[in-house]
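1. okay, sequence plus prediction incoming.
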2 protein chains.
Amino acid sequence: MKKKDNKLKLTKLSELGEFEVINRITKNFSNKNNSTITGIGDDAAILKYSDKNVVVSSDILVEGIHFNLTYMPLKHLGYKSVVANISDIYSMNAICSQITVNIAVSNRFKLESIEELYFGINAACKKYGVDLVGGDTASSNKGLIISITAIGAQDSNSIVKRSGAKLNDLIVVSGDIGSAYMGLQVLERENEVFKVNPQNQPDLSQYAYIIQRQLKPEARKDVINYFEDINLIPTSMIDISDGLSSEIIHICSNSEVGCDIYEDKIPVSEELMSSCEEFKLNSTTIALSGGEDYELLFTIDQKDYEKVKKSLDLTVIGHITDLKKGMNLITKANQKIPITSQGWKSF
Amino acid sequence: MKKKDNKLKLTKLSELGEFEVINRITKNFSNKNNSTITGIGDDAAILKYSDKNVVVSSDILVEGIHFNLTYMPLKHLGYKSVVANISDIYSMNAICSQITVNIAVSNRFKLESIEELYFGINAACKKYGVDLVGGDTASSNKGLIISITAIGAQDSNSIVKRSGAKLNDLIVVSGDIGSAYMGLQVLERENEVFKVNPQNQPDLSQYAYIIQRQLKPEARKDVINYFEDINLIPTSMIDISDGLSSEIIHICSNSEVGCDIYEDKIPVSEELMSSCEEFKLNSTTIALSGGEDYELLFTIDQKDYEKVKKSLDLTVIGHITDLKKGMNLITKANQKIPITSQGWKSF
């Protein structure tokens, strides 16, 4: 009942106007980086990176296409939107320092919902040491659209691109992969059940890990920091947002090399294994094709193997081969099958 | 009839997939700036500004809210979207060097439409010497959404903010204002006529100037270059995207000063005057409240008056007063009336 009472007090965005909405949602943000000279409040933010190169990445997320608010709380959505974007900066071996956030919202959203969204955005900014330095809020005809630009910096000779993988380099992945996608499968199944029987209170505790990977993923800033600590610069790197297959194809085609990936080396969680069993899905397929893990996929020179070996969180899953040998998965049964992109399509 | 035949050959975006769509629309873009180290093709663009400060601004445009494709050709929309964003960089007295463009499109858009949009984006990039260095394409549930981030650079002591206006500074505006808004009024009227009688072929030649101001506005990079030539740094500056009232209020409140603006000094075009007469509107009201002119509004120290006077395109419209005197319009009848924001609301 309390929730219903609160509803009466929700604030229409049209009552406030754009400037007041911006004031309300940005009042809890504060700048943390020396590179931020001036943040929100002028026509543009002013930033200063001195000798470093600047790294910029930009993404757009659309309700009903990239996220479903029936099971994605706005707070998590805000957090995840930031994570997805800054992950692209880390995948250049750079540190993210600023973001701009543009949103378009339909009139079904009230101020309180937008505040929830920005609460999540702020939580991610705090966790990753990122400043919100600008953005725009507008109305939409339908749903919520979030467009984020992430900006970071790094010394020019430490920036890592997709194109630097060399013959015999080792292929390494951080954390485990596939869980975010399985988390989505569980949430979508429960959503269907809920539609039929809204009284149903599901016990999702056994899926806690994979659901968390879907709803509150983390970007691997810690891995980038670790690289600096151990004095390692990968030869190539990408973040796993669209699935391992798709990402290794990017690295190989940009670097003009082939690869062998060993199925039995691909790191997957126990929770992924058990839910794949339940859903009658192949966990390797999920790891290869499922996206949104935001782990890092990178290649290193063999001489750096000892440095990587020390970390329990980094797994060597294969090596770079000659371009002519193609991109292959070596299965547990020791069969060699070509890796193809599982056709993630945005449209 | 030819048009109908062509329609048979239009390409669905879903036939191509995201990567191929990106390839098609970016193949005609080339990088022009030394500050662009790597553009499209990795997780992030790599930029280098050395000693300069970096200036970043971001905007989102939504179909049906910010533009109407019934009378806004996609080519013009692409051009205008870039102009609107880079104008924010010029208003910091900086030069824009890069943009990222994110779009979300519903399945009613075919590849050929998206190519039209990017043709316009490319035309603006070429005209203003800007590199497209990144972005994202996604589907939307309804209509077209464009989110652009513009990036530029300037020496730290040449950057101009909203907050630097001082007592007795002169208030100056570039070009003429209000015409873009009147152009929109004409287009909307003709659109209503068209709905009733689609056979009607309107003669819009007498409105050519104001329609052009609406459909193909320009950003005042030339004014920023002129400042450098005459060695002038304004004390404060903003671009006129939401109308003169709203912008002078921003300058005065950020600078903690008041102002007197003289109605008879406000530069308006003859075409604005005549169409205001026809529409029975007051041209001063339109100049104060109409947006999207992308002219520059700035303040200068009185000692710089001689420098500004030489340009026929720059008009002194008033001066900065003490905060306590408030913001006022001195009418042609010599009455002093307070300037209020005409309540442009995004929601």
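-> That came through, no problem.
2. pretty sure A:Ile40 sits against A:Thr137.
-> No. In this structure, A:Ile40 is not within contact of A:Thr137 by C-beta atoms under 8 Å, at 11.6 Å. For every residue, glycine as well, the C-beta is placed using N, CA and C.
3. which residues in chain A form strands?
-> Taking DSSP state E as the test, the strands found in chain A are A:36-38, A:45-47, A:53-62, A:95-105, A:131-139, A:144-154, A:170-174, A:236-240, A:258-262, A:295-300, A:314-321, A:327-330, A:336-338.
4. out of those strands, the one nearest B:Asp88 is which?
-> B:Asp88 lies closest to strand A:131-139 among the strands of chain A, at 9.3 Å (C-beta to C-beta).
5. just checking, what packs against that closest one?
-> Strand A:131-139 sits against helix A:13-26, strand A:36-38, strand A:45-47, strand A:95-105, helix A:111-128, strand B:53-62, with contacts defined as 3 or more C-beta pairs under 8 Å, 6 or more residues apart in numbering or on different chains; DSSP states H and E.
6. confidence score at the most centrally placed residue in chain A?
-> When C-alpha atoms, centre = their mean is applied to chain A, the residue found nearest the centroid is A:Ala84 (3.0 Å). At A:Ala84, the model reports a pLDDT of 97.
7. which residues touch it?
-> If a contact means C-beta atoms under 8 Å, 6 or more residues apart in numbering or on different chains, then A:Ala84 has A:Asp59, A:Leu61, A:Ile148, A:Pro217, A:Ala219, A:Ser241, A:Glu292, A:Tyr294 as its contacts.
8. can I get the strands of chain A in a markdown table including mean pLDDT, mean neighbour count and distance to B:Ile251?
-> Output for these, formatted as a markdown table (pLDDT from 0 to 100; neighbours: other C-beta atoms under 10 Å in any protein chain shown; distance: least, C-beta to C-beta, whole Å):
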| stretch | mean pLDDT | mean neighbour count | distance to B:Ile251 |
| --- | --- | --- | --- |
| strand A:36-38 | 93 | 19 | 15 |
| strand A:45-47 | 94 | 24 | 17 |
| strand A:53-62 | 96 | 26 | 29 |
| strand A:95-105 | 97 | 27 | 22 |
| strand A:131-139 | 94 | 23 | 18 |
| strand A:144-154 | 97 | 28 | 26 |
| strand A:170-174 | 98 | 23 | 48 |
| strand A:236-240 | 97 | 27 | 42 |
| strand A:258-262 | 98 | 20 | 57 |
| strand A:295-300 | 98 | 27 | 45 |
| strand A:314-321 | 98 | 20 | 53 |
| strand A:327-330 | 96 | 20 | 57 |
| strand A:336-338 | 94 | 10 | 62 |
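9. just to revisit the earlier point, which residues do A:Ile40 and A:Thr137 both contact?
-> By C-beta under 8 Å, 6+ apart, the residues touching both A:Ile40 and A:Thr137 are A:Ile22.
10. give the contact list for the closest residue to A:Asp155 other than its chain neighbours.
-> Nearest non-adjacent residue to A:Asp155, counting by C-beta to C-beta, 6 or more residues apart in numbering or on different chains: A:Lys52, 5.9 Å away. Applying C-beta under 8 Å, 6+ apart to A:Lys52 gives the contacts A:Ala153, A:Gln154, A:Asp155, A:Ser156.
11. looking at those residues, which is nearest chain B?
-> A:Ser156 (7.0 Å; C-beta to the nearest C-beta).
12. and stretch A:154-161, what's buried?
-> A:Gln154, A:Ile159, A:Val160, A:Lys161 (16 or more other C-beta atoms under 10 Å in any protein chain shown).
13. could you dump the helices and strands packed on strand A:131-139 to JSON lines with distance to A:Lys310?
-> Output for the helices and strands packed on strand A:131-139, formatted as JSON lines (distance: least, C-beta to C-beta, whole Å):
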{"stretch": "helix A:13-26", "distance to A:Lys310": "42"}
{"stretch": "strand A:36-38", "distance to A:Lys310": "35"}
{"stretch": "strand A:45-47", "distance to A:Lys310": "35"}
{"stretch": "strand A:95-105", "distance to A:Lys310": "22"}
{"stretch": "helix A:111-128", "distance to A:Lys310": "24"}
{"stretch": "strand B:53-62", "distance to A:Lys310": "37"}
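14. quick one: terminal-to-terminal distance for stretch A:277-296?
-> 26 Å (C-alpha to C-alpha, to the nearest Å).
15. one step back: and the residue nearest to A:Asp155, how close does it get to A:Arg189?
-> 46 Å (C-beta to C-beta, to the nearest Å).
16. can you show me the helices along the stretch 151-300 of chain A?
-> Along the stretch 151-300 of chain A, counting by DSSP state H, counting those that start in this stretch, helices occupy A:179-196, A:208-215, A:221-229, A:244-255, A:270-279, A:283-289.
17. the last one near chain B at all?
-> No. Judged by C-beta under 8 Å from any C-beta of the partner chain, helix A:283-289 makes no contact with chain B; its nearest approach is 14.6 Å.
18. is it correct that A:Leu10 is in contact with A:Asn107?
-> No. Contact criterion C-beta under 8 Å: A:Leu10 and A:Asn107 do not qualify, at 11.8 Å.
19. on that earlier part again, what's the closest of the helices and strands packed on strand A:131-139 to B:Ile261?
-> helix A:13-26 (20.8 Å).
20. tell me the angle the closest one makes with helix B:244-255.
-> 30 degrees (axes from the mean of the first three to the mean of the last three C-alpha atoms, to 10 degrees).
21. so which elements touch helix A:13-26?
-> helix A:111-128, strand A:131-139.
22. any chance of the ones you listed in TSV, with distance to B:Val196 too?
-> Below are the helices and strands packed on helix A:13-26 laid out as TSV (distance: least, C-beta to C-beta, whole Å):
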stretch	distance to B:Val196
helix A:111-128	39
strand A:131-139	28
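23. tell me which of those approaches A:Gly175 most closely.
-> Of all those, helix A:111-128 comes closest under C-beta to C-beta, at 16.3 Å.
24. next one: that closest one, is it in contact with chain B?
-> No. Using C-beta under 8 Å from any C-beta, helix A:111-128 stays clear of chain B, with a minimum separation of 10.0 Å.
25. ok, now stretch A:221-234?
-> No. Judged by C-beta under 8 Å from any C-beta, stretch A:221-234 stays clear of chain B, getting no closer than 12.6 Å.
26. run through who's touching that stretch.
-> Contacts of stretch A:221-234 (C-beta under 8 Å, 6+ apart): A:86, A:90, A:93-96, A:128, A:158, A:160, A:164, A:172, A:174, A:296, A:298-300, A:304, A:307-308, A:310-311, A:313-314.
27. okay, domains of chain A per the record?
-> A:8-158, A:162-338 (automatic domain parsing).
28. tell me the most buried of those?
-> domain A:8-158 (a mean of 21; mean count of other C-beta atoms under 10 Å in any protein chain shown).
29. pretty sure A:Ile159 is touching A:Ile89, no?
-> No. Contact criterion C-beta under 8 Å: A:Ile159 and A:Ile89 do not qualify, at 10.5 Å.
30. common neighbours of the two, please.
-> Going by C-beta under 8 Å, 6+ apart, residues that sit against A:Ile159 and also against A:Ile89 are A:Val55.
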